[in-house]
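> Turn this into a model:
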Amino acid sequence: MPETTTTELRDGTGTAPDAVPGPHPAQDEGFIAPVPMEEDPSELFAGDSGTLDADVRRVLVRLLQRRFLVADKNRAQWRTLLENQQVIESRLHDLFVHLVVDHDRGVAYKKQVRSAELDVPVLLRDDAYSRAETLVLVHLRTVFQREQSAGEVSVRVDVEELEQTALTYFDPDDTNVAAHQREIRAAIARLEREGLIEEESQGRFRVTPLVEIVLSNSRLAELREWLRQQGTQEVAR
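Just a heads-up that it's a prediction; the model follows:
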């Protein structure tokens, strides 16, 4: 089955040496007088040599921790990102990571830099979707595409619809339906955690535009062909 997946050092200011011989406080302390943290408000913690404001650092960390930063859910961080996009991009580039800001969808995410000419250490791990997750994702993307083309602003699906559609691609001779149902429910839970669907009521989900980012049109076509071949093989048995 195809898989779908400049630090600046800050110094204190020493006191110029006196003309009168004798010990000097700055010299006794290694030429650079330490600046107490309370007198250096730009230092966020003891020994801090970072140059970014606290809010900018939080956005940078969130981008590294989470798969997406969504404007509608994180308006303050989204504003901070846009106001400091160049410096955040620079910090990510230092780690061989691209920043993608999709203004139309109001979402930002990261991508691992890959190059045939450059030895790039891989920071971001690709977590491939399981078979059940892929089946659910393909159906979500298909429904989203169809409804959007029909002019629907919001796209919704029921858990029963997702479950029944995914089950059609499992071996019909396998009697352990309960195990497959658990796989599908776990797949739905993962996609919800990633923000691709949002539960509005019991068993009723809204499909978010993130499905278009996770599954492009070309990738969707590849997976549909794979599923078609799977169905053909089942019939030939």
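> burial measure for L81, as a count.
Neighbours of L81 under the rule other C-beta atoms under 10 Å: 23. For glycine as for every other residue, the C-beta is placed from the backbone atoms N, C-alpha and C.
> and R114, backbone torsions?
phi -130, psi 130 (degrees, to the nearest 10).
> same question, E199
According to degrees, to the nearest 10, the main-chain angles of E199 amount to phi -80, psi 120.
> Near it, how many other residues are there?
E199: 12 surrounding residues under other C-beta under 10 Å.
> ditto for V143
By other C-beta under 10 Å, neighbour count at V143 equals 19.
> when you give positions from now on, start the count at 53
All set: I'll call the first residue 53, so the last point we hit is now V195.
> Could you check the pLDDT of it?
pLDDT for V195: 95.
> residues touching it, list them.
Residues near V195 by C-beta atoms under 8 Å, 6 or more residues apart in numbering: V207, V209, V259.
> 10 Å instead?
E204, V207, R208, V209, E213, L214, T217, V259, V263 (C-beta atoms under 10 Å, 6 or more residues apart in numbering).
> so how far is V152 from it?
In this view, V195 and V152 are 25 Å apart by C-beta to C-beta, to the nearest Å.
> With E95 instead?
For E95, the distance to V152 (C-beta to C-beta) stands at 32 Å.
> Tell me if I'm right that K162 and V152 touch.
Yes: using C-beta atoms under 10 Å, K162 is in contact with V152, at 7.1 Å.
> more neighbours, the two?
K162 (19 against 11).
> Give me the phi and psi angles of that one.
phi -110, psi 160.
> so it bridges to which residues?
L151 (DSSP bridges).
> In contact with it, which residues?
Counting by C-beta under 10 Å, 6+ apart, K162 has contacts 115-116, 118-121, 144, 147, 149-152, 175-176.
> Inside helices: which ones of those?
Members of those lying in helices (criterion: DSSP state H): L115, L116, L144.
> which among those residues gets closest to D226?
L116 (40.5 Å; C-beta to C-beta).
> Now do the contacts for the residue nearest the centre of the chain.
For the chain, the residue nearest the mean C-alpha position is R119 (1.4 Å; C-alpha atoms, centre = their mean). Shown in contact with R119 (C-beta under 10 Å, 6+ apart): V159, Y161, K162, L176, D179, R245, E246, G247, L248, L262, I265, V266.
> Who wins on neighbours among the residues you listed?
L248 (26 neighbours).
> pLDDT score assigned to that one?
96.
> One more: R62?
The model's pLDDT for R62 equals 36.
> From L147, how far off is R256?
In this view, R256 and L147 are 40 Å apart by C-beta to C-beta.
> what's the answer for N136, then?
17 Å.
> Then R276?
Distance from R276 to L147, by C-beta to C-beta: 35 Å.
> try N269
30 Å.
> Show me which of the two is the more surrounded one.
When N269 and L147 are compared for neighbours, L147 comes out ahead with 13 against 10, by other C-beta under 10 Å.
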